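K.L.:
Fold the following, please.
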Amino acid sequence: MRNKKKKTVKYTDETMGKIEVVSDFLPSPDQLGFKEETVKVTIALSKSSVDYFKKQAQV
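P.N.:
Coordinates of the predicted model:
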C-alpha cells in the first residue's frame, strides 16, 4: 500500500467576493434509481446441491 499524505488546506482571511445561491438542480433520490419489486422465495435443496453451489461460489 502506498503512503498517501493528505493535502493540507490553507485558509485565508480574505473576502470571497460575490456569492450566488443556485437552486437545487439534483433529482430526488426516488428519481435516481429504478426500484424493482422483490419477491421472497423459499426452496428446499438437497445437501449435495448446497455443497455444489458452495463449491461454485468459491471458484
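K.L.:
quick one, what contacts residue 6?
P.N.:
Not one residue lies near residue 6 by Cβ atoms under 8 Å, 6 or more residues apart in numbering. Every residue, glycine included, has its C-beta placed from N, CA and C.
K.L.:
Report the distance from the longest helix seen in the chain to the chain centre.
P.N.:
Longest helix in the chain, counting residues (DSSP state H): helix 47-58. Put simply, helix 47-58 sits 29 Å off its chain's centre (Cα atoms, centre = their mean, to the nearest Å).
K.L.:
Quick check: mean pLDDT of that helix?
P.N.:
Throughout helix 47-58, pLDDT has a mean value of 95.
K.L.:
and if you look at stretch 28-44?
P.N.:
Stretch 28-44 comes out at a mean pLDDT of 87.
K.L.:
Would you mind writing the CA trace of that stretch as CSV?
P.N.:
What follows is stretch 28-44, C-alpha atoms only, in CSV (Å, rounded to 0.1, in the frame of the first residue of the first chain):
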residue,chain,number,x,y,z
SER,A,28,-34.6,13.4,-5.7
PRO,A,29,-33.3,10.0,-4.6
ASP,A,30,-36.5,8.4,-5.8
GLN,A,31,-35.7,9.5,-9.3
LEU,A,32,-32.1,8.3,-9.3
GLY,A,33,-32.6,4.6,-9.5
PHE,A,34,-35.1,2.1,-10.6
LYS,A,35,-36.7,0.1,-7.8
GLU,A,36,-38.0,-3.3,-8.7
GLU,A,37,-40.5,-5.2,-6.6
THR,A,38,-38.9,-8.1,-4.7
VAL,A,39,-40.4,-11.5,-4.1
LYS,A,40,-39.2,-13.7,-1.2
VAL,A,41,-38.9,-17.3,-2.2
THR,A,42,-38.1,-20.3,0.0
ILE,A,43,-36.8,-23.5,-1.6
ALA,A,44,-35.6,-26.9,-0.3
